[in-house]
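Asks: got a predicted structure here, sequence first:
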Amino acid sequence: MGLNVNSAGSWGSNVHGRTLDGSRGIMWTESIETGLPGSVQASFLNDRLIGASASTSAVTVWGINVNASDGAIGRTLFTNTWTPPAAWADMGLSVSGFQSGWQVWSQEDRVGILWIKDLREHYAFSLNDGTYMWSTPSQSYQDAFDDTPADARAIAYGKFY
């Protein structure tokens with residue numbers, strides 16, 4: 001499977017603070033493992049691509065190497081699946097889509113945050129190996145229908161805001 005990285009999709013050509021010149025066509029093409037669940041969620045130039053999927057029965061996070069000094073480009077660094085609490089499926093929670101799902105990614109702190117709006121909880125996953133790290137207590141009910149969830153969250157200096 002070939003993977004072309006030449007923009008940030010329909011949102012423009014800015015990939016984590018670096019502008020790519022899409023006028024020159026495909027900027028990077030490498031073969032990667034097939035069958036990885038979900039899709040690319042974050043790209044860190046000269047480091048890794050992070051992909052993920054989330055459902056009420058499984059959360060999977062994977063990483064692809066894009067740094068030649070760390071080995072073969074396109075090599076799968078990790079794939080890790082976490083089984084969420086049975087209550088996620090029992091309650092029919094919204095784990096992706098409008099107002100739920102992956103919210104923020106930090107290359108520096110190596111963490112990705114999944115927001116479960118129905119529970120009003122955040123779940124953190126390691127970008128080193130894809131493992132579940134921690135979750136927050138349920139927030140005030142007033143946060144449940146935040147119209148811009150990704151813009152309202154940040155990771156900096158080892159802290160989640």
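Replies: Now that the structure is in, tell me what you want to look at. Residues are numbered from 1 along each chain as shown.

Asks: CA only for contacts and neighbour counts going forward, please
Replies: Noted.

Asks: quick one, strands of this structure?
Replies: Applying DSSP state E to the chain gives strands spanning 2-4, 14-15, 18-19, 29-31, 39-44, 48-54, 59-65, 76-82, 101-106, 111-116, 121-126, 132-135, 155-156, 159-160.

Asks: show the average pLDDT along the third one.
Replies: For strand 18-19, the mean pLDDT works out to 50.

Asks: name the spans of the chain whose pLDDT lies under the cut-off.
Replies: 1-28, 97-99, 143-151 (pLDDT under 70).

Asks: for the most centrally placed residue in it, what are its contacts?
Replies: A centroid search over the chain (Cα atoms, centre = their mean) returns residue 41, at 4.2 Å, as the residue closest to the centre. Residue 41 is in contact with 49, 50, 51, 52, 102, counting by Cα atoms under 8 Å, 6 or more residues apart in numbering.

Asks: residues contacting the third one?
Replies: Contacts for residue 51 were tallied using Cα under 8 Å, 6+ apart; they are 37, 38, 39, 40, 41, 42, 61, 62, 63.

Asks: quick check: the residue nearest to the centre of the chain vs residue 29, distance?
Replies: 17 Å (Cα to Cα, to the nearest Å).

Asks: residue 125 and residue 135: what is the separation?
Replies: Residue 125 is 9 Å from residue 135, by Cα to Cα.

Asks: these two - which one has more neighbours?
Replies: residue 125 (23 against 14; other Cα atoms under 10 Å).

Asks: ignoring the adjacent residues along the chain, who's closest to that one?
Replies: Spatially, and ignoring its direct neighbours in sequence, residue 125 is nearest to residue 132 (4.5 Å; Cα to Cα, 6 or more residues apart in numbering).
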